[in-house]
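S.K.: From the sequence below, what's the structure:
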Amino acid sequence: KYIGMAPKDALLGDVVCIVYGSNVPFVLRPSGIGGNTNRYRLVGECYIHGIMDGEGLDLGIKVDQLMIY
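M.R.: Okay, the predicted model is just below:
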């Protein structure tokens, strides 16, 4: 549905995250350390056409609290 560019280190299973106040979305990798499913590693910034500059916040996607390390 969307097209974009991700960091060269991005892998299948990584997720795109829109962070409030940021102009760009980020690619995160689920880590699952200690059985915690809310922990992610930051892979890097990405470009996804149609969800830049906060446009993605209007998609009605579920909002979760994440721990990034």
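S.K.: For residue 3, give me its contacts.
M.R.: 48-49 (Cβ atoms under 8 Å, 6 or more residues apart in numbering). C-beta here means a position set from N, CA and C on the backbone, and glycine is covered the same way.
S.K.: no wait, residue 49
M.R.: Counting by Cβ under 8 Å, 6+ apart, residue 49 has contacts 2-4.
S.K.: Verify the contact between residue 11 and residue 30 for me.
M.R.: No - in this structure, residue 11 is not within contact of residue 30 by Cβ atoms under 8 Å, at 10.5 Å.
S.K.: the more surrounded of these two?
M.R.: Counting neighbours by other Cβ atoms under 10 Å for residue 11 and for residue 30 shows that residue 30 has the greater number, 15 against 10.
S.K.: quick one: pLDDT of residue 54?
M.R.: Per-residue pLDDT puts residue 54 at 70.
S.K.: who are the neighbours in contact with it?
M.R.: Taking Cβ under 8 Å, 6+ apart as the test, what residue 54 contacts is 18, 23.
S.K.: Without its sequence neighbours, what residue ends up closest to residue 31?
M.R.: residue 39 (4.7 Å; Cβ to Cβ, 6 or more residues apart in numbering).
S.K.: so what's the residue lying closest to residue 24 once chain neighbours are set aside bridging to?
M.R.: Sequence neighbours aside, residue 45 is the residue nearest to residue 24 in space, at 4.8 Å (criterion: Cβ to Cβ, 6+ apart). Here residue 45 sits in beta bridges with residue 26, as judged by DSSP bridges.
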